[in-house]
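Peer 1: Predicted model and sequence follow; I will ask about them next.
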Amino acid sequence: MTGELAGQTVVLIGGSAGIGLETARRARAEGAQVVLTGRDPDRLALAAQEVGTERTAAFDANDHAALAEFFQGLPGPIDHVLVTAGGPHYGPLLEMDAAQVRAALSGHVVLGLELARHAAGRMRPGGTLLLMGGTGGRRVGHGLGIVSAATAALPPFTPLWRWSWRRCGST
Ligand SMILES: NC(=O)c1ccc[n+]([C@@H]2O[C@H](COP(=O)([O-])OP(=O)(O)OC[C@H]3O[C@@H](n4cnc5c(N)ncnc54)[C@H](OP(=O)(O)O)[C@@H]3O)[C@@H](O)[C@H]2O)c1
């Protein structure tokens, strides 16, 4: 295939729907091989058929052992990783229990670190790790619930992830 991403492999953590799936479509159109992940295997199979890839893996991105196993099991090097999985929970704060609040506040941060830990060693020089935030971090709104705080917490972690990423072996 020809195109801007010919010869490259793009991994979509959350690639069976939404932004991840559309990115997979566009990466394929630019000649990339794509690997799609998500939790629901049926939705994943439909997405894979649509974009034309046989490379999929069904697991919860917040399951750190499964995430590590996924990267270890990749057959070759990769170039780009986009993470849209594991987004924050929208809804009134008082309707969430303590475990949900804890997960919403820490989920993205821990996922970013685990990705730095496990994806870096599989990436070719010049690769990218793209994590998804959201506009909810720019304002506080009753309907947004905890999502404003959870998203606003991400930017200070970016240099820390980058630092961890480099220590894990990526350029
Ligand atoms: N849509 C927007 O306009 C927008 C704007 C700014 C930011 N965002 C943020 O971008 C992210 C993605 O949005 P989207 O609209 O693309 O969402 P979406 O359409 O719901 O797609 C999410 C994808 O991630 C997978 N996924 C979700 N949780 C997962 C988990 N724990 N482990 C593995 N896979 C998981 C889903 O598949 P399964 O459910 O089968 O796992 C699906 O493939 C969210 O964090 C959202 O807050 C969205």
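Peer 2: Here it is on my side, so go on.
Peer 1: buried ones in the helix or strand bottoming out on mean pLDDT in the chain?
Peer 2: Least confident element among the helices and strands of the chain, by mean pLDDT, DSSP states H and E: helix 157-167 (a mean of 77). Buried positions in helix 157-167, judged by neighbour count with 16 or more other C-beta atoms under 10 Å: 157, 161, 164-165. C-beta: built from backbone N, CA, C; applies to glycine.
Peer 1: same check, this time on stretch 126-142
Peer 2: Neighbour counts using 16+ other C-beta under 10 Å place 127, 129, 131-134, 136-137 of stretch 126-142 among the buried residues.
Peer 1: related to what we said a few turns ago, so what touches the least confident helix or strand of the chain?
Peer 2: With contacts defined as C-beta atoms under 8 Å, 6 or more residues apart in numbering, helix 157-167 is touched by 109, 112-113, 115-117, 120, 129, 131.
Peer 1: Excluding chain neighbours, what is closest to residue 25?
Peer 2: residue 51 (5.6 Å; C-beta to C-beta, 6 or more residues apart in numbering).
Peer 1: how close does the one you found sit to residue 155?
Peer 2: Residue 51 sits at a distance of 31 Å from residue 155 (criterion: C-beta to C-beta, to the nearest Å).
Peer 1: With neighbour numbers in mind, choose between these two.
Peer 2: Under the criterion of other C-beta atoms under 10 Å, the comparison of residue 51 against residue 155 puts residue 51 first, with 21 against 10.
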